[in-house]
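1. Just need the structure, nothing else, for what follows:
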Amino acid sequence: MGRFVNGINGPVTGRVGTIIGSSRNGVAYVKGPYKKRTKRISKKEKANRDRFAMAQLWLQPVLEFVRQGFRGYSERSEGFVAAKSWLLKNSFEEDETGIRVNPALVKVSFGDLPASGNIAVSQPSPTQLKFTWDGTLPEGADPMDQVMLLAYDVENSKAYFTLTGQFRSVGSDILTIPGTRKKTYHLYGSFVAFDRGRQSDSVYLGEWNV
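-> All right, here's what the predicted structure looks like:
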């Protein structure tokens, strides 16, 4: 049984007759009941479903990261949903072997906070990655902003990251990758504001064997 929220003119929650009411991010929606599909799925539809499934799997290991990285993306979408939408639109490549996600085209953080310049990576030890960036403060940034670091082993669906690393003013931070067997990681860096109100676009920093 459905109900009216805030009176007869308010949004509907649940089933009322032939409509179903729900809301997401404070926006009300209504839809009809589910109908079993009878038509055969087209090649285009299958390709879209495959992309959707691949995007879902690719982002799952970095769910916590993109929840912060895509916070406040739009009025109706943020976090995992927004990250998936961006990936679907911008990060797929296709060749004779099929479609794939290109990690270099993925963003794991999106926003208008300026990133620091000259972000680079070195490896001071077999299990450590050192991220460095320009100490010059970009316009609109704050020295107390914090770095967000991500190392993602796509092949094995394993990610190591920090959401609140060193302050921007420090100019460097270290991400530790546990384990003894070398694996390939795709690296990303971005910044989150000191008040957590916004974040920068992520920067792809290439592949490293750690």
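
2. how about residue 134, secondary structure?
-> Under DSSP: H, G, I helix; E, B strand; the rest coil, residue 134 falls in the coil class.

3. Identify the residues contacting it.
-> Residue 134 sits next to 116, 117, 118, 119, 171 when contact means Cβ atoms under 8 Å, 6 or more residues apart in numbering. All C-beta spots, glycine's among them, are computed from the backbone N, C-alpha and C.

4. what's around the closest residue to the first one other than its chain neighbours, how many residues?
-> Distance criterion Cβ to Cβ, 6 or more residues apart in numbering; nearest residue to residue 116, sequence neighbours excluded, is residue 133 at 4.0 Å. As a burial measure, residue 133 scores 21 neighbours (other Cβ atoms under 10 Å).

5. In the chain, which residue is most central in space?
-> residue 66 (3.2 Å; Cα atoms, centre = their mean).

6. Surely it and residue 81 touch.
-> No - in this structure, residue 66 is not within contact of residue 81 by Cβ atoms under 8 Å, at 9.5 Å.

7. Now do stretch 175-189: everything it contacts.
-> 103-104, 108-109, 115, 119, 121, 127-129, 131, 133, 147-156, 158, 160-162, 165, 202-210.

8. Type out the ChimeraX command that picks the buried ones from the residues you listed.
-> Entered in ChimeraX, the line below selects the buried ones among these, by 16 or more other Cβ atoms under 10 Å:
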select :103,108,109,115,119,121,129,131,133,147,148,149,150,151,152,153,154,160,161,162,165,202,203,204,205,208,210
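
9. Check the secondary structure at residue 74 for me.
-> coil.

10. which SS class is residue 100?
-> strand.

11. what's the span of stretch 191-209, first residue to last?
-> Taking Cα to Cα, to the nearest Å, stretch 191-209 runs 24 Å from one end to the other.

12. looking at the chain, which helix or strand is least sure?
-> The helix or strand of the chain with the poorest confidence is strand 3-4; it has a mean of 52 (mean pLDDT, DSSP states H and E).

13. Might you list the low-confidence residue ranges for this protein?
-> Low-confidence segments of the chain, defined by pLDDT under 70, span residues 1-39, 41, 43.

14. Select the longest helix from it.
-> Criterion DSSP state H: the longest helix present in the chain is helix 43-59.

15. which of the residues in that one are buried?
-> 51, 54, 55, 58, 59.
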